[in-house]
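Q: Turn this into a model:
(one chain, ligands or ions: 1)
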Amino acid sequence: MKIYTADEAGFCFGVKRALNIIDRLHESNESIEIYGQLIHNNTVLNDLKQKGIDYINDLKCLDKNRKLIIRTHGILKSDEEFLRDNKVSYVDATCPLVKKIHRIIEKVNSTKNKILIIGNSDHPEIRAISSYAENGLIVNSVKELDVLKYNEPVSVVAQTTLDSGFFKMMISEIIDRVEHIEIFNTICSATIERQEAVRKLAPKVDFIIVIGGKNSSNTKKLYNISKIINENTFHIEKSSELNDTELQKKFRHFSSVGITAGASTPPEEIEDVKVFFRNFKTEKES
Ligand code: F3S
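A: Residues are numbered from 1 along each chain as shown. As a prediction, this is how the structure comes out:
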């Protein structure tokens, strides 16, 4: 089996930064807990748990004897105010690119503009972003734009992991509906690079393996982009899923695999998948 890896895959700088923050605190014997899942990857979360670093989902469960780490996706503005008002000891591991969106929104709040936030309203990053907006609206489909009024100016931001093609399509639909628009392309560079890399790789190989958490937004986007180009696209969380006999039957007919991974996928998981395919015998090879 010929193995190709996407030019950009796996951990982004925001995830590396958050893990470095935790490593430093852990090495200095600081007792820590995380507010929410640090990132959407079970291997990483389990590794942290083994080091005694767990996460809480509710500030009511806060252990004031521990330092609190804020997840990469950010938290609600009201939660951050609660931490400050109650003098909770915390370190903010929110990705700076997410923080930048909070700052953009705070500036737009002083204008008359409605803030359109393109993204998934269930995702913690979008919940946090929208909590900063005084006049905000989360939209994730063209249908949801029907409420816009032509003479109401809008400022637009995007979820950092949005599909860039979807963002362009939504912008052109918004332009048709309003007189004044201010656009902030807040899709992060790591997302764009990974999406471009899979667009390049998917047509060149027989099948694509996308590695990453099943609830990881950027991994799911990589899967969707690849699936449109190459229908033989498979999303796995870890290499052990490749032991599935039905999957292996399919793989045996192929001779080249492309591998990509979401921004929260550790390098060891990518390596495990490569090792699996190095040892895998295709029909022609057996
Ligand atoms: Fe930050 Fe983008 Fe990663 S927003 S956490 S660099 S996917």
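
Q: you'd agree A190 is up against G262?
A: No - judged on C-beta atoms under 8 Å, A190 makes no contact with G262 at a distance of 10.0 Å. All C-beta spots, glycine's among them, are computed from the backbone N, C-alpha and C.

Q: residues contacting the nearest residue to H180 once chain neighbours are set aside?
A: In this structure, H180 finds its nearest non-sequential neighbour in P153, 3.9 Å apart by C-beta to C-beta, 6 or more residues apart in numbering. Listed by C-beta atoms under 8 Å, 6 or more residues apart in numbering, the contact partners of P153 are T111, K112, N113, K114, V178, E179, H180, I181, E182.

Q: Tell me which stretches of the stretch 151-286 of the chain form strands.
A: Here the stretch 151-286 of the chain has its strands, by DSSP state E, counting those that start in this stretch, at 154-158, 181-183, 207-211, 233-236, 256-261.

Q: which parts of the longest one are buried?
A: Okay, so that is strand 256-261. The neighbour-count check on strand 256-261 (16 or more other C-beta atoms under 10 Å) flags V257, G258, I259, T260, A261 as buried.

Q: Please identify which of those residues is nearest to the ligand.
A: Lowest distance from the ligand to these (C-beta to the nearest ligand atom) belongs to A261, with 11.9 Å.

Q: The closest one: what's it in contact with?
A: A6, A9, G10, V210, I211, G212, T219, L222, E269, I270.

Q: just checking, the fourth one touches I236?
A: In other words, V210. Yes - applying C-beta under 8 Å, one finds V210 in contact with I236, separated by 7.4 Å.

Q: higher neighbour count, those two?
A: Between V210 and I236, counting by other C-beta atoms under 10 Å, V210 is the more crowded of the two (28 against 20).

Q: Can you give me the distance of the more buried one to the ligand?
A: Distance, V210 to the ligand, using C-beta to the nearest ligand atom, to the nearest Å: 15 Å.

Q: Hmm, A6 is touching Q195, no?
A: No - with contact defined as C-beta under 8 Å, A6 does not count as touching Q195 (9.8 Å).

Q: which residue is nearest the centroid of the chain?
A: N218 (3.9 Å; C-alpha atoms, centre = their mean).

Q: Excluding chain neighbours, what is closest to it?
A: Leaving aside its sequence neighbours, N218 sits nearest to T161 (C-beta to C-beta, 6+ apart; 3.9 Å).

Q: what about that neighbour, neighbour count?
A: Count around T161 with other C-beta under 10 Å applied: 27.

Q: how far away is it from S216?
A: According to C-beta to C-beta, to the nearest Å, T161 stands 9 Å off from S216.

Q: list the residues that contact both of these two?
A: A263.

Q: quick revisit: if I look at the residue nearest to N218, how far off is the ligand?
A: Between T161 and the ligand the computed distance is 6 Å (C-beta to the nearest ligand atom).

Q: all helices in the protein, in order from the N-terminus.
A: 13-27, 42-50, 77-85, 96-108, 124-131, 164-177, 189-201, 217-229, 245-251, 267-278 (DSSP state H).

Q: The ligand is nearest to which of those helices?
A: Comparing the helices of the chain by their distance to the ligand (C-beta to the nearest ligand atom), the top pick is helix 13-27, with 2.5 Å.

Q: The closest one to helix 189-201, inter-axis angle?
A: Relative orientation of helix 13-27 and helix 189-201, computed by axes from the mean of the first three to the mean of the last three C-alpha atoms, to 10 degrees: 130 degrees.

Q: Next, the angle from helix 13-27 to helix 42-50.
A: Going by the same axes, to 10 degrees, helix 13-27 makes 20 degrees with helix 42-50.

Q: so what does helix 13-27 touch, helix or strand wise?
A: Where contact means 3 or more C-beta pairs under 8 Å, 6 or more residues apart in numbering; DSSP states H and E, helix 13-27 is packed against strand 32-35, strand 67-70, helix 96-108.

Q: and with 10 Å instead?
A: Applying 3 or more C-beta pairs under 10 Å, 6 or more residues apart in numbering; DSSP states H and E, one finds that helix 13-27 contacts strand 32-35, helix 42-50, strand 67-70, strand 90-92, helix 96-108, helix 189-201.

Q: Report the rounded mean pLDDT for the first one.
A: In other words, strand 32-35. Averaging the model's pLDDT scores along strand 32-35 yields 95.
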